[in-house]
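**Q** requesting a structural model of the entry that follows:
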Amino acid sequence: MIASYSITGLASQEHTVQVWLIVILLVDWVVANTPRDNFCRSIPTVHGGVLWGDSVNKRFYLYGGEWTGGTADAVFTVLGYDVLYNHWDDFGLPSIKPPPQVAAYGAGVGVSEIGSGYYYGGYISNASMSGWTQPRKMSSNFYSYDYDSNDFTQAANPDDLPRAEGAMVWIPAGDARGLLVYMGGVVSQNNTVQPQGFDEIFVYDPTDNSWLKQSATGEVPQNRRQFCMDVAWAPDRSSYNMYRFTPLESPLYLWGGHKVTPPEVNVTSYNDIYILSMPSFNWVKAYPGNSGNYTLPPKFGHYAASCNMVKSMSQMLVIGGTYTDTNDCDLAYEIWGQHNFWTGTNQNAGDNTSYYWALYNPNITTNVVPIDVYNVTGGDKMGGANLTAPQKGFDPGNELLQTLFDRKPVIPDRKPTRDVDMNSSDTSSLSGGAIAGIVIGSVAGLGLLLLAWYYLGKRVLHRREERRQERYSISSQTGNMAGLSSVRNTPMSMISRQKSAGTRGTASSNYPSPPPVEQGPPVELNAEQVPGELPSGDPATPRIINELPAEH
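**A** Reported below is the predicted structural model:
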């Protein structure tokens, strides 16, 4: 077994390293000698795919992605991870004929409420699909997968144009199956790959298998791809808010992402938050600053992360991804690379305009609308939006879209299709994975006992906690950021076109493939280089995003 272990933050490591080495060797021995289903060893390692979650049946389904070896070595079958019993299941070949053209870096979303997974667009290649002999190409395919029946369906697409590297979310509006919302990334038109602007929002109605397109206004984000986003909705469902990290109220929260040209800008990727409020289809800038095209300095630019709503949509965890302008690792101190964005401002006060980023709090389980949204839509943090349509009205022919947003569907509760009661009599026997977990846990407990003598009488951790609390109590008055550092509301400048002399390369009509997954050896940043989620000290200076002149 090959593994990497890191021991940090100890005053003296000599004896503890020896103890942990014993524990590691014991754990490795247990794992190596625990029966494992050989099938689990054959699960492909992919990037650019999606995991569709089914909270009712306690499973994840794997779809899409490119094999890290460079070639898809097996025909696609539906693979599901069993959360309860810690193993994978193969549900066989898709029933649809012809079978799905499996892609990577498309937009995927799993919807437990209706028992369906969706995947739109992406890139098809021999790395994503076994037997593919054509060059890598962008896809316009849109597939749905029914969790309960194990059936794939090729659904209607918006306009037959291939798209990739955008994002999609589900909202409980319209009829009983809700609505899907897609945006961003790139689109191929007239043999030219172009950015898919965020002033154009696509809405899919699963009940009618049809798409509608609506213009968006406000603080529209810059073009980008491989951003992440998730959605929350007001307690009264008067709006839906999409949060895009770099990203119905319903606010839709959007974060980060990799730049898409044209226009050429002086950053590679972003670290900012935008919120799309629907049904007003109005973009609001949440971070950094409340208006203008500001982002953080290049070393904080971030893409290919995941945005994950938790605790009844009160908080959104931003996890993973790649920093384009540094080989340094993500923040490991206190938050372990999991940055927490409060959807209703810090501690969900709803009325704080200065900061959204703060440490995760499992005791907050209510979602409210942030002041940056209800200042535009009306109402308050509990909802009651007055702006329930775009300021200039819905686009011509979109009367149906307005009707769908006026509805608050009753979505029936799904019932599990298998026994999910871990305490039932027929599930009393433990799987090999469960046995391994118990044994490993026991070994780990032994290791902790061996370490106890080392820590007795020492107050290192206690003093560190006191210092941390003191630092956080001070810095929490100033706010914080996602990524590697923090920002206060300091003067920031706008993104604007530059007329200065100089040459830059013109935008290529052939947009490049996603950046490679493998990078140089990472370097772990220390606490002095990287402040925590609620840092003290001097903040980073927000960066001006300028459009750069093209070559002539």
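
**Q** state the number of residues packed around Asp159.
**A** 12 (other CB atoms under 10 Å). In this view, the C-beta of every residue, glycine as well, is placed from N, C-alpha and C.

**Q** can you give me the end-to-end distance of stretch 224-231?
**A** Using CA to CA, to the nearest Å, one end of stretch 224-231 lies 18 Å from the other.

**Q** average pLDDT across that stretch?
**A** In this model, stretch 224-231 carries a mean pLDDT of 96.

**Q** roughly how far apart are Arg136 and Glu165?
**A** 13 Å (CB to CB, to the nearest Å).

**Q** oh, that last question was meant for Gly397, not what I typed.
**A** Gly397 is 28 Å from Glu165, by CB to CB.

**Q** who has more neighbours, the two?
**A** The neighbour comparison of Gly397 against Glu165 (other CB under 10 Å) goes to Glu165, with 30 against 9.

**Q** can you show me the helices along the chain?
**A** Assigned by DSSP state H, the helices in the chain fall at 14-32, 371-377, 399-406, 432-455, 460-475.

**Q** list phi and psi for the nearest residue to Trp132 once chain neighbours are set aside.
**A** Distances taken as CB to CB, 6 or more residues apart in numbering put Asn126 closest to Trp132, at 4.5 Å, once the chain neighbours are dropped. The phi/psi pair for Asn126 (degrees, to the nearest 10) reads phi -70, psi -10.

**Q** Glu399: neighbour count?
**A** Glu399: 11 neighbours (other CB under 10 Å).

**Q** just the one 10 residues further on next, same as before
**A** Number of residues near Pro409 (other CB under 10 Å) recorded here: 16.

**Q** I'd say it and Gly178 touch.
**A** Yes - using CB atoms under 8 Å, Pro409 makes contact with Gly178 at a distance of 6.7 Å.

**Q** surely Gly131 meets Ala74?
**A** No - look at Gly131 against Ala74 with CB under 8 Å: they stay out of range, at 10.2 Å.

**Q** and the strands in the stretch 201-350 of the chain?
**A** Using DSSP state E, counting those that start in this stretch, the strands of the stretch 201-350 of the chain run over residues 210-215, 217-218, 224-225, 228-233, 240-245, 250-259, 269-278, 282-287, 294-295, 302-303, 306-310, 315-319, 322-323, 338-342.

**Q** show me the contacts for Val181.
**A** 168-171, 201-204, 231, 242, 248, 252, 278 (CB atoms under 8 Å, 6 or more residues apart in numbering).

**Q** how about 7 Å then?
**A** The neighbourhood of Val181, defined by CB atoms under 7 Å, 6 or more residues apart in numbering, consists of Met168, Val169, Ile171, Ile201, Val203, Met242, Leu252.

**Q** report the lowest-confidence entry in those.
**A** Out of the contacts of Val181, that is Met242, at 59.

**Q** circling back to that earlier point, mean pLDDT for the helices of the chain: which is lowest?
**A** The lowest average pLDDT among those, as it happens, falls on helix 14-32, at a mean of 36.

**Q** wait, isn't Gly108 in contact with Leu51?
**A** No - between Gly108 and Leu51 there is no contact under CB atoms under 7 Å: 8.3 Å.

**Q** more neighbours, those two?
**A** The neighbour comparison of Gly108 against Leu51 (other CB under 10 Å) goes to Gly108, with 24 against 17.

**Q** check that one and give its pLDDT.
**A** pLDDT, Gly108: 98.

**Q** list the residues that contact the closest residue to it other than its chain neighbours.
**A** Excluding the flanking residues, the one nearest Gly108 by CB to CB, 6+ apart is Val50, at 3.0 Å. With contact taken as CB under 7 Å, 6+ apart, Val50 is in contact with Tyr63, Gly64, Gly108, Tyr119.

**Q** quick one: low-confidence parts of the stretch 201-350 of the chain?
**A** The stretch 201-350 of the chain contains residues with pLDDT under 70 at 234-249, 332-334.

**Q** can you list the contacts of Val50 in a markdown table and add distance to Trp211?
**A** Converted to a markdown table, these look like this (distance: CB to CB, whole Å):
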| residue | distance to Trp211 |
| --- | --- |
| Tyr63 | 21 |
| Gly64 | 21 |
| Gly108 | 17 |
| Tyr119 | 15 |
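
**Q** before we move on, back to that, of all the strands of the stretch 201-350 of the chain, which one is nearest Tyr81?
**A** strand 306-310 (16.2 Å; CB to CB).

**Q** in its sheet, what does the closest one sit against?
**A** Looking at strand 306-310 with DSSP bridges, its partner strands are strand 315-319 (antiparallel).

**Q** who's in contact with the partner strand?
**A** 228, 230, 243, 245, 253, 255, 305-310, 337-343, 360, 482.

**Q** can you rerun that using 8 Å?
**A** Against strand 315-319 from outside (CB under 8 Å, 6+ apart): 228, 230, 232, 243, 245, 253, 255-256, 305-310, 337-343, 360-361, 364, 482.

**Q** check contacts around Arg177.
**A** Arg177 neighbours (CB under 8 Å, 6+ apart): Ile114, Ser116, Asp205, Pro206, Thr207, Pro409, Ile411.

**Q** now the common contact residues for Pro409 and Gly178.
**A** Pro172.

**Q** got a winner among the contacts of Val50 for most neighbours?
**A** Tyr119 (27 neighbours).

**Q** ok, that residue to Pro135 distance?
**A** 21 Å.

**Q** just Asp89 next, same as before
**A** From Asp89 to Pro135 the distance is 34 Å (CB to CB).

**Q** excluding sequence neighbours, find me the nearest residue to Ala305.
**A** Gly321 (3.1 Å).

**Q** that neighbour against Phe300, yeah?
**A** No - assessed by CB under 8 Å, Gly321 is found out of contact with Phe300, at 11.6 Å.

**Q** tell me which of the two has more neighbours.
**A** Phe300 (27 against 24).

**Q** what is the burial count for Val369?
**A** 33.

**Q** relative to Thr377, how far out is it?
**A** 8 Å.

**Q** try Val111
**A** On the measure of CB to CB, Val111 and Thr377 end up 25 Å apart.

**Q** related to what we said a few turns ago, of the contacts of Val50, which is the nearest to Leu79?
**A** So of the contacts of Val50, ranked by how close each gets to Leu79 (CB to CB), first place is Tyr63, at 8.6 Å.

**Q** for the closest one, list each beta-bridge partner.
**A** The partner residues for Tyr63, given DSSP bridges, come to Val50.

**Q** report the contact partners of it.
**A** Gly49, Val50, Trp52, Val78, Val102, Gly108, Gly117, Tyr119, Tyr145.

**Q** confidence score at it?
**A** pLDDT at Tyr63 comes out at 98.

**Q** count of neighbours near Asp419?
**A** Per other CB under 10 Å, the neighbour tally for Asp419 reads 11.

**Q** same check, this time on Thr388
**A** Quick note: Thr388 (other CB under 10 Å) scores 16 neighbours.

**Q** over to the one 3 residues further on?
**A** Burial of Gln391 is recorded as 11 neighbouring residues (other CB under 10 Å).

**Q** was I right to think it contacts Ser277?
**A** No - with contact defined as CB under 8 Å, Gln391 does not reach Ser277; the gap is 11.4 Å.
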